[in-house]
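Enquirer: Structure, please.
(one chain, ligands or ions: 1)
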Amino acid sequence: MSKDLEEVKAILKKYKQEHLLNGFEKLDERKQKRLLEQIKNIDFDLISKLYEDTKKEIKNEQDKITPMDYLDKYKLKDKYKYYEAIGKKAIKEGKLAVVTMAGGQGTRLGHNGPKGTFDIGLESHKSLFELLSEGIKEEAKKYGVTIPWFIMTSRENNEETIKFFEKNKCFGYQKDKNLFFFKQGELPMVDTEGKILIGEDGLIKEAADGHGGIYESLVKRGMTEKMKQMGIEWVFIGGVDNCLVKMVDPVLMGIAIDKKVTVACKSVVKANPHERVGVFCKRNGKPNVIEYTEITNEMAEAVDENGELLYGESHILCNLFSVDAIERMGAKPLPYHSAFKKAKYIDKEGNLVVPDSPNAYKFEAFLFDAFSVVDEMAILRVKREEEFAPVKNAEGVDSPETARKLYKNFYNL
Ligand code: UTP
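Expert: Okay, the predicted model is just below:
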């Protein structure tokens, strides 16, 4: 241990992060070991760079942004049945799996526990996880198959998520047979001076590395390998917080197969040109998403000859990938974006600090930054009222109240 300790001290001195060992003597032996391990695993050069980047204004002005073509699910005419038949065949052959990204912290919702355990207030009091499980099972029944379900958790919520599933008999699924949990990666949080934080447990304060961590985690945790062994070729990846998500969609799959693309995404048309959502676009000729913070007013309002918004297809985290595309995306490091968040921490004097306003940077990768790995992808516009009811905020827009209303309208409850 003392050799390890000396090694770690040298690293910390180099990066001016010596404070990380301030509380070392007070930790028990197990935690001391863990802390040293954590420090040895930190990529300090990366963290310093990410911190320095928080001070720079991000300019993507040199990027060439152009609109991306899309298909409207309800304007496919006779092609609808054609694509649907192709997709149905692949589903019946057991080629589809679904992934739910449930590693987020859900800070805006403020629910105490993993977001998937949240009850949106239906009379049935079903949790988001239960609503999602029903959506998959109902569809799977139509094809006489079980659709394997993979759930991405974070270190923070993994145990609680698995316990919740076990308490609910895994909603009819069988753990490690057709239900798999895997943890996403993490990165340390830093304060406004670039100092890495120590959390309440005396260890490095780490936070999930964003939904963009999905590809690397699927590969590193052996999930893509498992999928291949199970004969799976297509994977739908969605968020945990859209209670109307339709993960099993033969039309989307049929389009991907027929058009020979390895990524096919669903979109809903923007509610208005200035809705605060990211929209699909091409960036320097490659598929991408442009954030509402990046788009100019002129671009947001531009329309085509039919009066449709040129940048109107919102990215709703409903994306289908071939296993091969996931593996390629997982092999390419994604850029990290910083978010300024509230984070409890232990200060240099060993006191717990509970901030009432944001005090620390969290670094996250975005799932859509990997889209540029492929040259082409298909976009399918679906109806918002059928497929998109997100639970993001405690109240107001995209809240339990709005999601519940949309859910009830769709299912005539
Ligand atoms: P959001 O970006 O809306 O984040 O995630 P969030 O954690 O749910 O909520 P806030 O921003 O803290 O309020 C969209 C989807 O991506 C998943 C979330 O669980 C959600 O399903 N996600 C996000 C992860 O799985 N891991 C992450 O690191 C971030």
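Enquirer: Which secondary structure state does the closest residue to the ligand within the stretch 51-200 of the chain sit in?
Expert: For the stretch 51-200 of the chain, the residue closest to the ligand is residue 104, as judged by C-beta to the nearest ligand atom, at 2.2 Å. Any C-beta I mention is one placed from the backbone N, CA and C, and that applies to glycine too. The local conformation at residue 104, judged by DSSP: H, G, I helix; E, B strand; the rest coil, is coil.
Enquirer: next one: residue 13
Expert: helix.
Enquirer: Repeat that for residue 266.
Expert: Residue 266 - assigned by three-state DSSP - is strand.
Enquirer: quick one: pLDDT of the residue of the stretch 51-200 of the chain closest to the ligand?
Expert: Note on residue 104: pLDDT of 92.
Enquirer: Surely it and residue 240 touch.
Expert: Yes: taking C-beta atoms under 8 Å as the definition, residue 104 is a contact partner of residue 240 at 7.4 Å.
Enquirer: what sits in contact with each of these two?
Expert: residue 115 (C-beta atoms under 8 Å, 6 or more residues apart in numbering).
Enquirer: Those two: which has the busier surroundings?
Expert: Each of residue 104 and residue 240 has its neighbours counted (other C-beta atoms under 10 Å); residue 240 has more, 27 against 24.
Enquirer: Once you drop chain neighbours, what's closest to that one?
Expert: In this structure, residue 240 finds its nearest non-sequential neighbour in residue 102, 4.0 Å apart by C-beta to C-beta, 6 or more residues apart in numbering.
Enquirer: wait, what's in contact with residue 312?
Expert: Per C-beta under 8 Å, 6+ apart, neighbours of residue 312: 269-270, 273, 279.
Enquirer: Pull up the distance across stretch 296-313, start to finish.
Expert: 16 Å (C-alpha to C-alpha, to the nearest Å).
Enquirer: Would you indicate which residues of stretch 5-17 are buried?
Expert: Going by neighbour count (16 or more other C-beta atoms under 10 Å), the buried part of stretch 5-17 is 8-9, 12, 15, 17.
Enquirer: For the ligand, tell me whether stretch 228-240 is touching it.
Expert: Yes: using C-beta under 6 Å from any ligand atom, stretch 228-240 reaches the ligand at 239-240.
Enquirer: Low-confidence stretches in the stretch 251-400 of the chain?
Expert: Within the stretch 251-400 of the chain, no stretch has pLDDT under 70.
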